[in-house]
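> Need coordinates for the below:
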Amino acid sequence: MEIPDPAEGMAGRALAEQALSRAAGTPLLGGNRAQLLYDSGENFPAWLEAIHAARTSVYIEMYLFADDAFGRTLRDALAERARAGVEVRLLVDWFGCARECLAGFFRPLQAAGAQVRAYNPPSLSVGLGFVGRNHRKQIIVDAARVFVGGLCASSRWEGDASAGVEPWRDTGVVLAGPVLAEALAAFSDSWVSCGGEPLPAASVPAAQGGVAARLIATTPSRANLMRLDLMIAAFARETLWITDAYFMATGTYLSALQNAARDGVDVRLLVPRSSDIGWIATVSRTQYRPLLEAGVRVFEWNGPMIHAKTAVADARWARIGSSNLNVSSWLANRELDVSIEDAALAGELAARFYQDLDHATEVVLGGKRGRPVLSQPRRGDGVPLLNPVAGAVRARATARAAARQAARIGDTLGAVVRGTRELEASEASALLTLGASLMLVAIAVGFFPWLAAAPVLLLLSLGGVTIVARSLQLYRQRRACADAAAGYKNAAVQGGKPAKIGRGEAVASEAAAHAADQVFTRDDTRL
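Below is the predicted model of the structure:
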């Protein structure tokens, strides 16, 4: 293979960057500093340290903020900062924090001067949109650094030493630099969606390091991250290692992983064996077979729970955040992820993935330890992702081939130590569970037909009520606008002015009425 021409390499990189930016809907920003944080043991102390040191502002967007030991510790730390004059804004998801919202868990924080809002509470005006949640996890301190990852504010991540329950495995990252502008914009957008005031305009932070990163803040019905995930699966040349907590991928994404594996990419997937949401693990197992047959290697975590949502490709590109590989995260929720193009950080995440495999069991097909036959040989002369000007590709091909051979030997020895689990057993159990569940539902509907009719009636009723509520809202807006216009006309006549209302005044009146109606309809987001 010929060494790529530098000019062609730069053109290829620019084209790839353009494609990734359009897919993700956000630009790649250089000049950042980034540090990976693992599990609650590193993330929670870093959160608290940053909050205690806050001088101007703390903005938090959190799916789950629990009323437990760590949740209370974090709440009290925020209250202390609010009393000290720091601007504290907390946005939680109503569904994730329903118990806390109803029980008044956040009232002490509000009493201290903090602003607290809940995303998407039950409302007739929301209708079926209630299924969309704010699944983001971010903490912005002093508009200078942001924590992003998969961890929520709950002691659940710390495990229970007294009961022998190990901490959950999860990954976060703290960033400083120009990417903060994107984080602030993402928080402001969510805050405004709940009826709050937008954040004050902020300048782009100065460069803090040499890491290039893009922040992907997804909202319902926008598939930015799904497009990026599909593109990375297509761009990966050598490795694509994925960790996911609730893997229920679409057929399109499964095909992307299969195609990458058949093309010689070392694709590995690490998922929980036992999940805090048990049925998801059952459904995930039904997707193993097509992946394994294509050459994707699947591993199940042996600990209590692996909650990380990460991916690393070619030891050059990494993703860390809140998104799981399922339709809910891709299309229904607000999610927040950061993709990083940096060899040092991606290499560290790849090393951690390999370390995690020591605590996992590989799922294999019918006792076959070897990988299925590939449609093409593994590429020995591939270049790293988004780095076409690699130089001396031919000279390095032999070294990479030797390294891969050593890795295969290491994998074989590791499999002997860890053991493997044949797919047939777990697949049969998963299919039996799903089949039995469907049969039970069928029997229940046969004896109690109203069980089938009730959900349909509920959906129809909810849809009808939502439409009626929306129509009443529009009537209120129209009447408020008419009343405002009439009041302006009367005032103009009494003041000796012409009784004609200009277009500007009418528009202003309508805008004022609309704003008042928006305040009325959004009061239920305040706790």
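
> Output the longest strand belonging to the chain.
In the chain, taking DSSP state E as the definition, the longest strand is strand 29-38.

> Now find how far off-centre that strand is within its chain.
Between the mean C-alpha point of strand 29-38 and the mean C-alpha point of its chain there is a distance of 17 Å (CA atoms, centre = their mean, to the nearest Å).

> again with stretch 292-306
Using CA atoms, centre = their mean, the distance between the centre of stretch 292-306 and that of its chain works out at 20 Å.

> What lies in contact with it?
By CB atoms under 8 Å, 6 or more residues apart in numbering, the list of residues contacting stretch 292-306 from outside reads 159, 165-166, 168-170, 243, 245, 257-259, 261-262, 266-276, 288, 291, 356-357, 359-365, 371-372, 374, 421, 423. C-beta here means a position set from N, CA and C on the backbone, and glycine is covered the same way.

> end to end, how far does it reach?
Stretch 292-306 has an end-to-end distance of 21 Å (criterion: CA to CA, to the nearest Å).

> Each with direction, which strands does the longest strand of the chain pair with?
Within its sheet, strand 29-38 is paired with strand 171-176 (antiparallel), strand 211-218 (antiparallel), according to DSSP bridges.

> Contacts only, for the nearest residue to residue 159 once chain neighbours are set aside.
If the residues on either side of it in the chain are set aside, residue 159 comes closest to residue 167, at 4.0 Å by CB to CB, 6 or more residues apart in numbering. For residue 167, the contact set (CB under 8 Å, 6+ apart) comprises 39-41, 157-159.

> Take those and keep only those in helices.
Residues from the contacts of residue 167 lying in helices, with DSSP state H as the criterion: 39-41.

> If the closest residue to residue 360 other than its chain neighbours is in a bridge, with which residues?
In space, residue 360 comes closest to residue 299 once its chain neighbours are excluded; the distance is 4.0 Å by CB to CB, 6+ apart. Judged by DSSP bridges, the bridge partners of residue 299 are residue 270, residue 362.

> Tell me the spacing between residue 299 and residue 234.
23 Å (CB to CB, to the nearest Å).

> Ok, residue 480 next?
Between residue 480 and residue 234 the computed distance is 52 Å (CB to CB).

> So between these two, which is more surrounded?
For residue 480 against residue 234, the residue with the higher neighbour count under other CB atoms under 10 Å is residue 480, and the figures read 19 against 13.

> in which helix or strand would I find residue 139?
Using DSSP states H and E, the element containing residue 139 is strand 137-141.

> Show me what the helix or strand just after that strand is packed up against.
From strand 137-141 onward toward the C-terminus, using DSSP H and E, the following helix or strand is strand 145-149. Counting contacts by 3 or more CB pairs under 8 Å, 6 or more residues apart in numbering; DSSP states H and E, strand 145-149 packs against helix 39-52, strand 137-141, strand 171-176, helix 179-193, strand 317-321, strand 335-341.

> what angle do strand 145-149 and strand 335-341 make?
Angle between the axes of strand 145-149 and strand 335-341 is 100 degrees (criterion: axes from the mean of the first three to the mean of the last three CA atoms, to 10 degrees).

> Adjacent strands (with direction) for strand 145-149?
For strand 145-149, the paired strands and their directions (DSSP bridges) are strand 137-141 (antiparallel), strand 171-176 (antiparallel).

> pLDDT (mean, whole number) over stretch 92-108?
Stretch 92-108 carries an average pLDDT of 96.

> what's the span of it, first residue to last?
From its first residue to its last, stretch 92-108 covers 15 Å (CA to CA).

> Okay, buried residues for it please.
Within stretch 92-108, the residues scored as buried using 16 or more other CB atoms under 10 Å are 92-97, 100-101, 105-106.

> just the residues you listed now: which is nearest residue 83?
Within the set of the buried residues of stretch 92-108, residue 106 lies nearest residue 83; the separation is 15.1 Å, counting by CB to CB.

> wait, isn't that closest one in contact with residue 115?
No. Distance between residue 106 and residue 115: 10.3 Å, which falls outside the contact criterion (CB atoms under 8 Å).

> okay, and for the stretch 101-250 of the chain, where does confidence drop off?
Per-residue confidence of the stretch 101-250 of the chain (counting by pLDDT under 70) places the weak regions at 124-130.

> And stretch 227-242, what's buried?
The neighbour-count check on stretch 227-242 (16+ other CB under 10 Å) flags 227-233, 235-242 as buried.

> then that stretch to PDB, C-alphas only?
Provided in PDB are the C-alpha atoms of stretch 227-242 (Å, rounded to 0.1, in the frame of the first residue of the first chain):
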ATOM      1  CA  ARG A 227     -26.000   9.200  13.100                       C
ATOM      2  CA  LEU A 228     -22.600   9.700  14.800                       C
ATOM      3  CA  ASP A 229     -22.600   6.200  16.200                       C
ATOM      4  CA  LEU A 230     -23.400   4.800  12.800                       C
ATOM      5  CA  MET A 231     -20.700   6.900  11.100                       C
ATOM      6  CA  ILE A 232     -18.000   5.800  13.600                       C
ATOM      7  CA  ALA A 233     -18.900   2.200  13.000                       C
ATOM      8  CA  ALA A 234     -18.300   2.900   9.300                       C
ATOM      9  CA  PHE A 235     -15.100   4.800   9.800                       C
ATOM     10  CA  ALA A 236     -13.400   2.400  12.300                       C
ATOM     11  CA  ARG A 237     -10.500   0.600  10.700                       C
ATOM     12  CA  GLU A 238      -9.000  -1.500  13.400                       C
ATOM     13  CA  THR A 239     -10.900  -1.600  16.700                       C
ATOM     14  CA  LEU A 240     -14.300  -0.600  18.000                       C
ATOM     15  CA  TRP A 241     -14.900  -1.400  21.600                       C
ATOM     16  CA  ILE A 242     -18.200  -0.500  23.200                       C
END
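
> Just the residues contacting it, thanks.
Contacts to stretch 227-242, defined as CB under 8 Å, 6+ apart, come from residues 16, 19-20, 23-24, 216, 252-253, 256-257, 259-260, 265-270, 310-315, 317, 319, 325, 339, 350, 353-354, 379, 382-386, 400.

> So which of those belong to helices?
When helices are assigned by DSSP H, the members of those inside them are 16, 19-20, 23-24, 252-253, 256-257, 259-260, 350, 353-354, 400.

> Farthest pair within those residues?
The most widely separated members of those are 252 and 400, with 30.2 Å between them, by CB to CB.

> Specify which residue of these two has the higher count of neighbours.
Each of residue 252 and residue 400 has its neighbours counted (other CB under 10 Å); residue 400 has more, 16 against 11.

> picking that back up, got any residues that touch both of residue 106 and residue 115?
A shared contact of residue 106 and residue 115, defined by CB under 8 Å, 6+ apart, is any residue touching both; here these are residue 90.

> residues near the residue lying closest to residue 117 once chain neighbours are set aside, how many?
The spatial neighbour of residue 117 that comes closest, neighbours along the chain excluded (CB to CB, 6+ apart), is residue 194 at 4.4 Å. Around residue 194 sit 19 other residues, with neighbours defined as other CB under 10 Å.

> before we move on, what about residue 447?
Taking other CB under 10 Å as the definition, residue 447 ends up with a neighbour count of 7.

> give the contact list for it.
Counting by CB under 8 Å, 6+ apart, residue 447 touches no other residue.

> any idea how far it is from residue 440?
Plainly put, residue 447 is 11 Å away from residue 440 if you go by CB to CB.

> rewinding a little: between the strand holding residue 139 and helix 179-193, what angle do the directions make?
With the same axes, to 10 degrees as the basis, strand 137-141 and helix 179-193 are set at 110 degrees to each other.

> State the mean pLDDT of stretch 440-456.
For stretch 440-456, mean pLDDT is 72.

> ok now it, how far from the chain's centre?
35 Å.

> With stretch 324-336 instead?
With CA atoms, centre = their mean as the basis, the mean position of stretch 324-336 lies at 6 Å from the chain mean.

> Stretch 322-341 now?
Per CA atoms, centre = their mean, the displacement of stretch 322-341 from the mean C-alpha position of its chain is 3 Å.
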